[in-house]
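*Asks:* I need the structure of the sequence given here:
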Amino acid sequence: MASSKKPASSDLLQSVFHRLHAQLTPGRHVTVALSGGVDSVVLLHLLHRLQREQEFLLSAIHVNHQISPNATDWASFCVALCAKLHVPLVVKAIRVPRRSKAGLEATARSLRYSAFAELDTDCLLLAHHLDDQAETVLLNLLRGAGVRGAAAMPETREKDGTPIVRPLLEVPRAALVAYAKKHRLAWIEDESNLDAAFTRNYLRHAVLPAIEQRFPAYRQTLARAARHFAEADALLDELATIDMASAVQDGKLKLTLLQRYSPARAKNLLRAYFAAQGMPALDAERLQEWLRQLIQARGDSRVEFGVAGLVLRRYRGEIWVESNTPCPAADWQLAWRGERELALPELGGRLSMIPVQGEGLSVAKLGAAPITLRLRQGGERLKPDCGRPRKTLKHLLQEAAIPPWQRERLPLLYSGETLVAAPGIGIDCAYQATPGESGLRLGWVLTYTE
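*Replies:* Modelled structure (predicted):
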């Protein structure tokens with residue numbers, strides 16, 4: 001059974017225990033992200049003290065960014081500290097590109113979280129504190145962040161099923177330094193924290209001290225604002241979930257509902273839809289322009305946007321998001337040699353030929369000439385309904401509501417020079433299996449939309 005004993009010493013220890021009690025159960029494994037700075041050293045020391053009573057498993061991870069000339073010394077410091085406390089430590093070395101569109105800090109953060117994701121742990125603990133939260137709120141606001149950005153760092157979130165918790169988020173840095181001095185803890189100072197070329201450091205050393213003179217409680221005030229923004233963001237998520245349920249079907253967004261909503265609600269829905277399709281977040285100006293074009297374009301006029309390997313299109317009153325697969329050469333063709341399934345990545349799909357009886361494509365009639373798969377050239381005709389006249393393939397594709405960009409990727413089945421079948425459209429009357437005859441049922445699945 002989990003221990004219910006509460007730590008009897010400092011307020012800080014009790015605060016951390018209160019925030020983590022659900023994680024600190026017997027046998028549960030928690031990992032502290034240890035940079036070697038005062039905040040993470042204090043967090044590790046607090047967890048080490050709690051471990052004596054709560055019987056959970058404790059480990060640490062240090063990510064060596066290999067940026068500072070002192071990085072090796074910092075790693076050695078963390079190794080020595082964890083050895084002294086008998087805490088298992090994982091050291092991960094990463095290489096951060098000096099030149100990155102995202103910037104050095106953002107790239108380092110992304111790679112650091114990738115290293116965290118490789119951990120085998122039940123919970124990851126980060127040592128961000130109240131000062132960090134206040135800086136993040138102000139920095140994001142100055143960058144023009146929306147509600148989500150202004151909410152800054154959540155105390156708890158999940159990444160790939162693993163809780164990530166910041167139990168010190170309401171503790172000012174001064175309290176952590178006081179704790180470290182009281183317990184005679186050593187820590188390292190990152191010299192880059194003094195470099196005002198980094199925006200966060202400029203705020204920390206040049207802006208926030210001036211703010212503190214007029215607003216001594218600015219840390220708590222900005223943190224409170226972050227909680228308000230987080231609540232507003234949660235409400236927007238709830239609204240988007242409701243709207244998505246009625247506006248999205250089979251991965252496609254209905255334009256009629258998007259046009260009916262207020263601009264703010266429509267943009268909120270678009271953000272949620274794009275995120276569900278794996279698209280990166282758009283800046284406010286681009287989102288506004290995309291929304292304008294999507295809802296104001298006449299009829300089925302072509303509206304198409306590309307981003308991050310994906311393409312967004314408007315078609316027949318719906319928004320489609322698919323992988324941006326390059327179109328194959330017009331003269332593409334492939335000989336069919338009886339395979340039951342063909343992966344055709346160049347067409348963005350998978351063709352299947354399933355044996356059936358009394359329906360589908362006649363196996364006997366297929367043997368009259370070589371079978372090939374080809375692409376549409378224009379002018380093709382097919383008669384899938386024996387009781388109706390032959391129609392142009394263009395007309396049949398339109399009737400089936402197959403989008404224009406998918407028509408150019410559809411593999412057509414030829415016997416010699418005769419078009420005998422188009423997957424999803426039909427089989428020519430002359431090549432359909434009769435009752436009792438062996439046949440093949442054609443299937444075409446677009447893998448680039450999955």
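*Asks:* please identify the buried residues of the longest helix along the chain?
*Replies:* The longest helix of the chain (DSSP state H) is helix 218-247. Buried residues in helix 218-247, counted by 16 or more other CB atoms under 10 Å: 218-219, 222-223, 225-226, 229-230, 233, 236, 240, 243, 247. Where C-beta positions appear, they are placed from N, C-alpha and C, glycine not excepted.
*Asks:* from these, pick the one nearest Arg157.
*Replies:* Nearest to Arg157 out of the buried residues of helix 218-247 is Ala230 (CB to CB; 10.7 Å).
*Asks:* would you confirm that the closest one contacts Ala151?
*Replies:* Yes - the pair Ala230 / Ala151 is scored as a contact, 3.9 Å apart, by CB atoms under 8 Å.
*Asks:* secondary structure class for Val321?
*Replies:* Recorded secondary structure, Val321: strand (DSSP: H, G, I helix; E, B strand; the rest coil).
*Asks:* can you pull up the most central residue in this structure?
*Replies:* The centroid of the chain falls nearest to Gly278 when counting by CA atoms, centre = their mean (5.8 Å).
*Asks:* give the next helix or strand downstream of the helix or strand hosting Leu351.
*Replies:* Per DSSP states H and E: Leu351 is located in strand 349-357. Proceeding N to C from strand 349-357, the next assigned helix or strand is strand 361-362, under DSSP H and E.
*Asks:* find the nearest non-adjacent residue to Tyr35, please.
*Replies:* Quick fix: residue 35 reads Ser, not Tyr. Leaving aside its sequence neighbours, Ser35 sits nearest to His62 (CB to CB, 6 or more residues apart in numbering; 7.1 Å).
*Asks:* list the buried residues for the helix or strand that contains the one you found?
*Replies:* Taking DSSP H and E as the criterion, His62 maps to strand 57-64. Going by neighbour count (16+ other CB under 10 Å), the buried part of strand 57-64 is 58-64.
*Asks:* report all helices and strands that the longest helix of the chain contacts.
*Replies:* helix 130-142, helix 147-150, helix 208-214, helix 255-260, helix 263-276 (3 or more CB pairs under 8 Å, 6 or more residues apart in numbering; DSSP states H and E).
*Asks:* run the chain-centre distance for the helix or strand following it.
*Replies:* Past helix 218-247, further along toward the C-terminus, the next helix or strand under DSSP H and E is strand 248-249. Averaging C-alpha positions (CA atoms, centre = their mean, to the nearest Å) puts strand 248-249 20 Å from its chain's average.
*Asks:* just stretch 227-238 next, same as before
*Replies:* 19 Å.
*Asks:* for that stretch, which outside residues touch it?
*Replies:* 137, 147-148, 150-152, 154, 268, 272 (CB atoms under 8 Å, 6 or more residues apart in numbering).
*Asks:* repeat that for stretch 191-199.
*Replies:* Applying CB under 8 Å, 6+ apart, the set of residues contacting stretch 191-199 is 67-68, 70, 105, 139, 201-202, 204-206.
*Asks:* nearest to Gly426, out of these: which one, please.
*Replies:* Glu105 (57.4 Å).
*Asks:* excluding chain neighbours, give the residue nearest to that closest one in space.
*Replies:* Using CB to CB, 6+ apart, the nearest residue to Glu105 is Phe198, at 6.7 Å.
*Asks:* over to Ser352?
*Replies:* That would be Gly443: by CB to CB, 6+ apart, it lies 4.0 Å from Ser352.
*Asks:* the helix or strand where Ala364 lies packs against which elements?
*Replies:* Assigned by DSSP H and E, Ala364 belongs to helix 363-366. Under the contact criterion of 3+ CB pairs under 8 Å, 6+ apart, helix 363-366 touches strand 438-446.
*Asks:* for Ala152, grab the count of nearby residues.
*Replies:* By other CB atoms under 10 Å, the residues close to Ala152 number 26.
*Asks:* swap in Gly103?
*Replies:* Count around Gly103 with other CB under 10 Å applied: 12.
*Asks:* over to Ala150?
*Replies:* Neighbours around Ala150, by other CB under 10 Å: 22.
*Asks:* residues touching it, list them.
*Replies:* 137, 140-141, 225-226, 229.
*Asks:* how about the helix or strand of the chain with the lowest mean pLDDT: buried residues?
*Replies:* In the chain, no helix or strand scores lower on mean pLDDT, DSSP states H and E than helix 104-117, which sits at a mean of 83. Using 16+ other CB under 10 Å as the test for burial, helix 104-117 gives 104, 107-108, 111-112, 115-116.
*Asks:* next, format the buried residues of helix 218-247 as a markdown table and append distance to Cys123.
*Replies:* Output for these, formatted as a markdown table (distance: CB to CB, whole Å):
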| residue | distance to Cys123 |
| --- | --- |
| Tyr218 | 31 |
| Arg219 | 26 |
| Leu222 | 27 |
| Ala223 | 22 |
| Ala225 | 27 |
| Ala226 | 22 |
| Phe229 | 25 |
| Ala230 | 21 |
| Asp233 | 23 |
| Leu236 | 28 |
| Ala240 | 28 |
| Asp243 | 33 |
| Ala247 | 36 |
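*Asks:* kindly state the domain boundaries assigned to the chain.
*Replies:* Split into domains by automatic domain parsing, the chain comes to 11-223, 250-323, 333-449.
*Asks:* quick revisit: now the element after the helix holding Ala364, going C-ward?
*Replies:* strand 371-374.
*Asks:* got the contact list for that next one?
*Replies:* Residues contacting strand 371-374 (CB under 8 Å, 6+ apart): 332-336, 342, 344, 351, 411-415.
*Asks:* which ones are touching the residue nearest to the centre of the chain?
*Replies:* Contacts of Gly278 (CB under 8 Å, 6+ apart): Leu310.
*Asks:* what's the helix or strand for it?
*Replies:* Judged by DSSP H and E, Gly278 forms part of no helix or strand.
*Asks:* check what pLDDT it gets.
*Replies:* Per-residue pLDDT puts Gly278 at 87.
*Asks:* mind checking how far it is from Ala245?
*Replies:* 19 Å (CB to CB, to the nearest Å).
*Asks:* ok, Pro167 next?
*Replies:* 35 Å.
*Asks:* what number of residues lie near Gln357?
*Replies:* 11.
*Asks:* report pLDDT for it.
*Replies:* So Gln357 comes in at 93 (pLDDT).
*Asks:* what bridges to it?
*Replies:* On the basis of DSSP bridges, Gln357 takes part in beta bridges with Ser438.
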